[in-house]
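Engineer: Okay, sequence plus prediction incoming.
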Amino acid sequence: MVENHPFEPWLPENARLLMLGTFPPAAKRWCMPWYYPNFQNDMWRIFGIIYFQDKFHFVDVEKKTYRLYASTVGRFEQQTLARFITEGYFTRHLARERVAYKARRDALTAALNAAFAPGQLRLAGLHTGLHLLASLRNAPPDEALRRAAEAEGVRLNLLSDYDLTGARHQTGTLVLGYGSLDDAACASVGQTLKRVCTEAREASVNP
């Protein structure tokens, strides 16, 4: 069998031991539904020695199995998720969420377009996730927008907040996330942002 790997081989400088694994045995020889399930395999005994200085830390000699109580994800949770995916529930869940988020996005954009005059606000990124960009025409300074939003009790994110270059080229652009926005609140978002922009513009003209 030939495998193609996307990464080049990597070996730490101070490595002294290479541990190689193989395919697991037939299921009838498993003593647990987890990695290295054969009771004759020494892997869990090695882990016990390395991490706990105890060969039998993970070994239940009487039941001839391993005590993997420290597994990060329980078997029940894994099997529940596997069933959720394989039986199609995950696909149906995504389909329902896609419809719900599209309706929320459409309600938000309708509220924004109703609140601002044509040409005052340009929306972008409508099909790129749960955020969109709203660029203001003749926008007031970003700092004025921040102060006006704070006065209105609005948490406002601006595209310039994400500019790591310090150039601040993308001023006057709002980053609007609607993933956790309440459906009933969509209609009021447009008027709220309109007030914030008006107050910011007035404050920048009459400091």
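Structural biologist: Sure thing, it's come through.
Engineer: for the residue of the chain most remote from its centre, what are its contacts?
Structural biologist: Most distant residue from the mean C-alpha position of the chain: residue 62, 43.7 Å away (C-alpha atoms, centre = their mean). By C-beta atoms under 8 Å, 6 or more residues apart in numbering, the contact list for residue 62 is empty. Every C-beta, even on glycine, is put in place using the N, C-alpha and C of the backbone.
Engineer: Read off the pLDDT value for it.
Structural biologist: pLDDT, residue 62: 90.
Engineer: Let's verify it: helix, strand, or coil?
Structural biologist: At residue 62 the chain is in coil, as set by DSSP: H, G, I helix; E, B strand; the rest coil.
Engineer: Quick one: the helices in this protein, in order.
Structural biologist: For the chain, applying DSSP state H gives helices covering 43-52, 75-86, 89-115, 142-152, 186-205.
Engineer: Make CSV out of those and add mean neighbour count, mean pLDDT and distance to residue 10.
Structural biologist: Converted to CSV, the helices of the chain look like this (neighbours: other C-beta atoms under 10 Å; pLDDT from 0 to 100; distance: least, C-beta to C-beta, whole Å):
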stretch, mean neighbour count, mean pLDDT, distance to residue 10
helix 43-52, 15, 84, 21
helix 75-86, 11, 80, 28
helix 89-115, 14, 92, 33
helix 142-152, 18, 92, 43
helix 186-205, 18, 90, 48
